[in-house]
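1. Build me a model from this:
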Amino acid sequence: MKFGFHRRLFLFSALATALLVWSSDHALAQPYPNRSIRLVVGFAPGGQTDLIARLVAQRLSIDMGQPVLVDNKPGADGVVASQLIARSDPDGYILYLATSTHAINASLFRNSNYDPVADFSPVALIGEVPNLIVVKADVNAKNLADFISDARSRRGALSYSTGSSVTYLAAESFNRAANIQAQRVPYKGAAPAMTSLVAGDVDYTMVNGLGPVMPLLLSGKVRALAIGSSKRNPSANDIPTANEAGMPGFTSTVWYGILGPANLPREVVERVTAAIEKLISEPEVLKIFNVQGIEPRFMGSDEFASFLRKEVPRWAKLIKDTGSSSN
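-> As a prediction, the model looks like this:
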């Protein structure tokens, strides 16, 4: 029996639809993840954040059985990356290695165009990296207390470089806590900010992490007066904490954590959270963390969400109190 053209077309369409539905259902039925994952980073390759991202991506790839590919999206201290994640589908195949800048930038940049809490799904906090108060090599002060005393006596005469929103506000926090006034010299990145210090163009700076500054410290081109963590770092045990150096209670760190777009499925959150918790307990990872001055600090999704809700207004208040701007 021969089918008419329209009947054959109908049967073909019905078969195609059935295959499409089966294919979609089959894909959804597969456990997460079943393909590669993008891990977005808001900064260029080679920096502290990129280093952490590549370590995390490597370990997640092993644990999750799928490639985790680092995707650098630098721009406006992480604003570009945050905007990208906020607009992405919550399917678990695009994640974000966020830093403290994520909580800062919504208040610091007028056109950030994202809500740092409502537009994201907190997955896990990974750790913190302490900031260091670093001075040029020929500064006369032998320690932090001497430096603060000198800065107070020459009110407004000293200058400091900044290379990102987080180090800018960390420096502002330090200046306020130390009751000193100094001239800010902004740069578009940590490298030029440090170069200006080495050249003697500024008197001090706030540096995020031991890794980027350690070669300069060892060569004597700059000096670290204090580290912003609550305890000394084993890789640089001769650098006192700010608390030990004359600023009781002062800490200054940058956090790193995984976020996804809002409404990320719970099973995805739980899968990635478990992988992160496992990752930061591995001896090889902890060894690298120690060398780089990274302090592991795990938080699951609920605790990280609560932490983030507190971080945003904390930074917003500092920005308002200091009259800070992104310029």
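2. show me where the stretch 201-327 of the chain has helices.
-> 210-219, 266-279, 283-292, 301-322 (DSSP state H, counting those that start in this stretch).
3. Reformat these as CSV; add mean pLDDT and distance to Asn140.
-> Where C-beta positions appear, they are placed from N, C-alpha and C, glycine not excepted. Output for the helices of the stretch 201-327 of the chain, formatted as CSV (pLDDT from 0 to 100; distance: least, CB to CB, whole Å):
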stretch, mean pLDDT, distance to Asn140
helix 210-219, 88, 18
helix 266-279, 97, 45
helix 283-292, 88, 31
helix 301-322, 94, 28
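4. Which one of the ones you listed lies nearest to Pro248?
-> Comparison of those against Pro248 by CB to CB identifies helix 301-322 as nearest, at 19.2 Å.
5. What helices and strands are in contact with the closest one?
-> Counting contacts by 3 or more CB pairs under 8 Å, 6 or more residues apart in numbering; DSSP states H and E, helix 301-322 packs against helix 100-108, strand 120-136, helix 165-178, helix 266-279.
6. Now render these as TSV, adding distance to Lys310.
-> Output for those, formatted as TSV (distance: least, CB to CB, whole Å):
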stretch	distance to Lys310
helix 100-108	9
strand 120-136	12
helix 165-178	16
helix 266-279	19
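7. And the ones you listed: which comes nearest Leu225?
-> The nearest among the helices and strands packed on helix 301-322, by CB to CB, is strand 120-136 at 4.9 Å.
8. can you give me the angle that closest one makes with helix 100-108?
-> When axes from the mean of the first three to the mean of the last three CA atoms, to 10 degrees is applied, the directions of strand 120-136 and helix 100-108 differ by 100 degrees.
9. After strand 120-136, which helix or strand is next?
-> Elements were assigned by DSSP states H and E; along the chain past strand 120-136, the next helix or strand is helix 144-153.
10. Would you check that Ser88 makes contact with Ser82?
-> No - using CB atoms under 8 Å, Ser88 is not in contact with Ser82, being 10.8 Å away.
11. one step back: let's have the helices and strands packed on helix 301-322 in JSON lines, adding mean neighbour count.
-> JSON lines is the format used below for those (neighbours: other CB atoms under 10 Å):
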{"stretch": "helix 100-108", "mean neighbour count": "25"}
{"stretch": "strand 120-136", "mean neighbour count": "24"}
{"stretch": "helix 165-178", "mean neighbour count": "22"}
{"stretch": "helix 266-279", "mean neighbour count": "18"}
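12. Low-confidence regions, the stretch 151-300 of the chain specifically.
-> Nowhere does the stretch 151-300 of the chain drop to pLDDT under 70.
13. ok, now the stretch 1-150 of the chain?
-> Residues of the stretch 1-150 of the chain that meet the cut-off, pLDDT under 70, sit at 1-29.
14. need the helices for it, in chain order.
-> Along the stretch 1-150 of the chain, counting by DSSP H, counting those that start in this stretch, helices occupy 5-29, 48-64, 79-87, 100-108, 144-153.
15. Let's have the helices of the stretch 201-327 of the chain in JSON lines, adding distance to Val123.
-> Below are the helices of the stretch 201-327 of the chain laid out as JSON lines (distance: least, CB to CB, whole Å):
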{"stretch": "helix 210-219", "distance to Val123": "24"}
{"stretch": "helix 266-279", "distance to Val123": "5"}
{"stretch": "helix 283-292", "distance to Val123": "17"}
{"stretch": "helix 301-322", "distance to Val123": "6"}
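16. Nearest to Leu55 among these would be which one?
-> Leu55 lies closest, by CB to CB, to one member of the helices of the stretch 201-327 of the chain: helix 283-292, at 6.1 Å.
17. what residues are up against Leu225?
-> Residues in contact with Leu225 (CB atoms under 8 Å, 6 or more residues apart in numbering) are Ile133, Val134, Val135, Ala141, Asn143, Leu144, Phe147, Ala245.
18. Oops, could you answer that again for Ile294 instead?
-> Ile294 makes contacts with Ile52, Gly127, Glu128, Val129, Gly209, Tyr256, Ile288, as judged by CB under 8 Å, 6+ apart.
19. circling back: right, so of the helices and strands packed on helix 301-322, which gets closest to Leu218?
-> Between the helices and strands packed on helix 301-322, strand 120-136 lies closest to Leu218; by CB to CB that is 13.0 Å.
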